[in-house]
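> Kindly generate the corresponding structure for this input.
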Amino acid sequence: HVQLVESGGGSVQAGGSLRLSCVASGYIYSSDCMAWFRQAPGKEREAVARIVVGNVYQYITESVKGRFTISRDSAKNTVFLQMNSLKPEDTAMYYCAAKRDWCSPRTGDFAYWGQGTQVTVS
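Prediction:
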């Protein structure tokens, strides 16, 4: 079983930056995928970025490419989402998620979820 705890959300002005962190506890394997999703009020949850724990694979969704960066500290089972040049449309609850055996773009494929951290850009 894996538990995920996010932190780093907050309120910022447009153009500002935030760094989200997700710490995973439990058994984490090198082939596991850790990802960030977000959900704005009235909208579906969408994939933002994902990374394989022990591999170079990573993905950033087009709408945030060039502004957001995903990285990991495998020794600490932690994944980061560096968010720069934030826009009001980035306002959402951001969730960390994990799944076994490589990454997937589908929300339903992720078995483990954190409680979320709110990001508000004004």
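> Excluding chain neighbours, what is closest to residue 96?
Leaving aside its chain neighbours, residue 96 sits nearest to residue 22 (3.4 Å; criterion: C-beta to C-beta, 6 or more residues apart in numbering). C-betas here are computed from N, CA, C, even on glycine.
> can I assume the one you found sits in a helix?
No: with DSSP: H, G, I helix; E, B strand; the rest coil as the criterion, residue 22 is assigned strand and is not in a helix.
> Tell me the bridge partners for it.
residue 6, residue 79 (DSSP bridges).
> again with residue 36
residue 49, residue 96.
> Now the terminal residues of stretch 33-46, how far apart.
16 Å (C-alpha to C-alpha, to the nearest Å).
> Please renumber the chain so that the first residue is 33 from this point on.
Got it, first residue is 33 now, which makes that one stretch 65-78.
> Identify each buried residue in it, please.
Residues of stretch 65-78 classed as buried by neighbour count (16 or more other C-beta atoms under 10 Å): 65, 66, 67, 68, 69, 70, 77.
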